[in-house]
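1. the following block contains a protein sequence and its predicted model.
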Amino acid sequence: QLQLVESGGGLVQPGMSLTLSCTASEFPLDEYAIGWFRQAPGNDREFVSCITWDGMTKHRESVKGRFAISRDNAVNAIYLHMRRLKPEDAGTYYCTARHIRYCPNDNEYSHWGQGTQVIVSS
């Protein structure tokens, strides 16, 4: 069973940067499409970014130009680099995966981490 672990969340001021990490200890992630979702209190979970096995990326419109997603297969990790954070970026961020070669639809991911919390506040 693939287990994803997120880390890197925390409290940051608006305009600052934060990088989240997603790792798996027992399965190589290099053949998985990896996505990041977020959920703010009272809101539905929403797609943020996705990266395919070969590095193709996809982002929601509101984070384009501010967020980047990357992967380092050598250390079995995927990163979400968040810049110029806004209060509306706050929430619990989840790493998710599917053993597929393209970014799947939002409801097609099969493995989820427990989430890491991002707070954007002055």
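-> Done, it's in.
2. who does R98 form a beta bridge with?
-> Beta-bridge pairing of R98, defined through DSSP bridges, involves A33.
3. one more: I51?
-> For I51, the residues forming beta bridges with it (DSSP bridges) are I34, T57.
4. who's in contact with it?
-> Contacts for I51 (Cβ atoms under 8 Å, 6 or more residues apart in numbering) come out as 33-35, 57-58, 69-71, 78, 103. For every residue, glycine as well, the C-beta is placed using N, CA and C.
5. ditto for W36
-> Going by Cβ under 8 Å, 6+ apart, the list of residues near W36 reads 20, 22, 47-50, 69, 80, 93-96.
6. now the buried members of the residues you listed.
-> Buried positions within the contacts of W36, assessed by neighbour count (16 or more other Cβ atoms under 10 Å), are 20, 22, 47-50, 69, 80, 93-96.
7. could you dump those residues to a markdown table with pLDDT, distance to P14 and secondary structure?
-> As requested, the buried ones among the contacts of W36 are arranged in a markdown table below (pLDDT from 0 to 100; distance: Cβ to Cβ, whole Å; DSSP: H, G, I helix; E, B strand; the rest coil):
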| residue | pLDDT | distance to P14 | secondary structure |
| --- | --- | --- | --- |
| L20 | 98 | 17 | strand |
| C22 | 97 | 24 | strand |
| F47 | 98 | 22 | strand |
| V48 | 98 | 18 | strand |
| S49 | 98 | 20 | strand |
| C50 | 98 | 25 | strand |
| I69 | 98 | 21 | strand |
| L80 | 98 | 18 | strand |
| Y93 | 98 | 17 | strand |
| Y94 | 98 | 22 | strand |
| C95 | 97 | 24 | strand |
| T96 | 97 | 26 | strand |
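8. could you list the low-pLDDT ranges of the chain?
-> Scanning the chain with the threshold set as pLDDT under 70 gives no residue ranges.
9. in space, what's closest to the residue located most distally from the centre of it - neighbours in sequence excluded?
-> In the chain, the greatest distance from the average C-alpha position (Cα atoms, centre = their mean) is reached by S122, at 23.2 Å. Nearest-residue entry for S122: Q13, 5.2 Å, with adjacent residues in sequence omitted and distances by Cβ to Cβ, 6 or more residues apart in numbering.
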